[in-house]
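Peer 1: predicted model and sequence below, questions to follow.
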Amino acid sequence: MRSGLRRTSHTQRGAAIITAMLVVTLAAVVVSGLFWREHVAVRSVENRLALSQSRWIERAALDWARVILRADLRSGPADHLGEPWAVPVVETRLDETVTAGAKIDEGSRNAVLAGRIVDAQSLFNINSLAGADGKPAELQLTALKKLLQGVGRSASSADLIAARVMQSVSVTVEGRVVPATRQPLTRLADLLDVPGLDPGVVGALEPVAIVLPRATPVNVNTAPAEVIAAVVPNLDLGSARRFVSRRERTFYRTLEQAAVDIDGQPVLNPGLLAVGSSFFLVTGVIRYERVESQTETLLERMNDRVEVVWQLRR
């Protein structure tokens, strides 16, 4: 009898110990979960704060670019690669004066900015293909065909691209306005949906072409040799490269001055070429704590104003 009572007592004590262990384990799991949820919530708040700070830095950097471009306009209508706006900003560590008062030292936040301003009119503007009477602009279409051949692609792709551009232009037929059937192009990637156009053509055009809101000439002071060769009739790539090499030592205030340094001294068409620009592309990378933001912004300079046309974040 007593032996049975002792066994029952031992069993109860064992069950109590196991129950206590389960309760402790369950409490530990619950507390761990609470701590993890709190950690995730804190990280989420920190990430949102870092993103907000990076956006603040981005706006400050963009304001700086706009000031530089406005100041540059006062020095004259010519835009060239020797001006302050053309100097890239290498990776630069920022202090608290440009991070809204956030303290930055070796043991806390780290903010880094890098970027550059690129003359958007140093590239061939696809929207310059839009012509009158429902037809592509002939000179620009010829230039695009030559440009495509220069980057190793078929000139026939130019007709497909021009047809897509014309679809976004309203035309007048017998006194009646026919509205556009497609939205205007905004970026080169919009050409990827053109039927029959090889996607590789878009990739080949990226270093030498761009899409701007309206027709624009190419800036002879900043354009690469491939673009110069395309927009100057009867100019081969070798001659264009020699011109670009000569341009490194100077810049041109008029097209007549530029023509003197081109082999054969051709007459430069002001419909295709200019010495200044209205559109500039600002690219930048901002790293702040765990956040890295890459931005691309198109600016248009009009008189003494510089406005944002579009902005892309990655």
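Peer 2: Arrived safely. Residues are numbered from 1 along each chain as shown.
Peer 1: doesn't Gly284 make contact with Thr295?
Peer 2: Yes. At 5.3 Å, Thr295 counts as touching Gly284 under the criterion of C-beta atoms under 8 Å. (Glycine included, C-beta is placed from N, CA and C.)
Peer 1: who touches both of the two?
Peer 2: Glu58 (C-beta atoms under 8 Å, 6 or more residues apart in numbering).
Peer 1: where does this structure have low pLDDT?
Peer 2: The chain contains residues with pLDDT under 70 at 1-14, 27, 30-52, 95-109.
Peer 1: and the helices in it?
Peer 2: In the chain, the segments counted as helices under DSSP state H are 2-73, 138-150, 157-167, 199-205, 225-231, 237-247, 255-260.
Peer 1: most neighbours per residue, which of those helices?
Peer 2: helix 225-231 (a mean of 24; mean count of other C-beta atoms under 10 Å).
Peer 1: the residue nearest to Gln265 when sequence neighbours are not counted: what's it in contact with?
Peer 2: Closest residue to Gln265 apart from its sequence neighbours, by C-beta to C-beta, 6 or more residues apart in numbering: Ala259 at 5.2 Å. Ala259 is in contact with 265-268, counting by C-beta under 8 Å, 6+ apart.
Peer 1: pull the contacting residues for Thr222.
Peer 2: Counting by C-beta under 8 Å, 6+ apart, Thr222 touches 79-81, 86, 119, 121-122, 277.
Peer 1: burial check on the closest residue to it other than its chain neighbours, number of neighbours?
Peer 2: Using C-beta to C-beta, 6+ apart and skipping residues adjacent in sequence, the residue nearest Thr222 is Ser122, 3.8 Å away. Neighbourhood size, Ser122 [other C-beta atoms under 10 Å]: 23.
Peer 1: was I right to think Ser122 contacts Val218?
Peer 2: Yes. Ser122 lies in contact with Val218 (C-beta under 8 Å); the separation is 7.1 Å.
Peer 1: joint contacts of the two?
Peer 2: Contact with both Ser122 and Val218 is made by residues Val227, according to C-beta under 8 Å, 6+ apart.
Peer 1: hang on, the earlier thing: now the contacts of Thr222 as a markdown table including distance to Ser154?
Peer 2: Shown next, in a markdown table, are those (distance: C-beta to C-beta, whole Å):
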| residue | distance to Ser154 |
| --- | --- |
| Asp79 | 33 |
| His80 | 34 |
| Leu81 | 32 |
| Ala86 | 34 |
| Asp119 | 28 |
| Gln121 | 26 |
| Ser122 | 24 |
| Ser277 | 30 |
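Peer 1: which parts of the stretch 151-300 of the chain are strands?
Peer 2: Ranges of strands in the stretch 151-300 of the chain, per DSSP state E, counting those that start in this stretch, are 171-173, 176-178, 209-210, 218-219, 273-274, 279-288, 291-302.
Peer 1: could you identify which of these is most buried?
Peer 2: The highest mean neighbour count among the strands of the stretch 151-300 of the chain, using mean count of other C-beta under 10 Å, belongs to strand 218-219: a mean of 25.
Peer 1: okay, now the sheet partners of that one, with direction.
Peer 2: Neighbouring strands of strand 218-219 in its sheet, by DSSP bridges, are strand 273-274 (parallel).
Peer 1: check the offset of the partner strand from the chain's centre.
Peer 2: Relative to the chain's own centre, strand 273-274 is displaced by 24 Å; criterion: C-alpha atoms, centre = their mean, to the nearest Å.
Peer 1: same thing with stretch 213-223?
Peer 2: Its chain's average C-alpha position is 18 Å from that of stretch 213-223, according to C-alpha atoms, centre = their mean.
Peer 1: go on, stretch 290-298?
Peer 2: The chain centroid and the centroid of stretch 290-298 are separated by 9 Å under C-alpha atoms, centre = their mean.
Peer 1: using PDB, write out the CA atom coordinates for that stretch.
Peer 2: Extracted in PDB, the C-alpha atoms of stretch 290-298 (Å, rounded to 0.1, in the frame of the first residue of the first chain):
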ATOM      1  CA  ARG A 290      21.500  49.900 -45.000                       C
ATOM      2  CA  VAL A 291      19.800  51.900 -47.800                       C
ATOM      3  CA  GLU A 292      21.300  52.300 -51.300                       C
ATOM      4  CA  SER A 293      19.400  54.500 -53.700                       C
ATOM      5  CA  GLN A 294      20.200  55.000 -57.400                       C
ATOM      6  CA  THR A 295      18.500  57.800 -59.200                       C
ATOM      7  CA  GLU A 296      18.400  59.200 -62.700                       C
ATOM      8  CA  THR A 297      16.800  62.600 -63.300                       C
ATOM      9  CA  LEU A 298      16.200  64.500 -66.500                       C
END
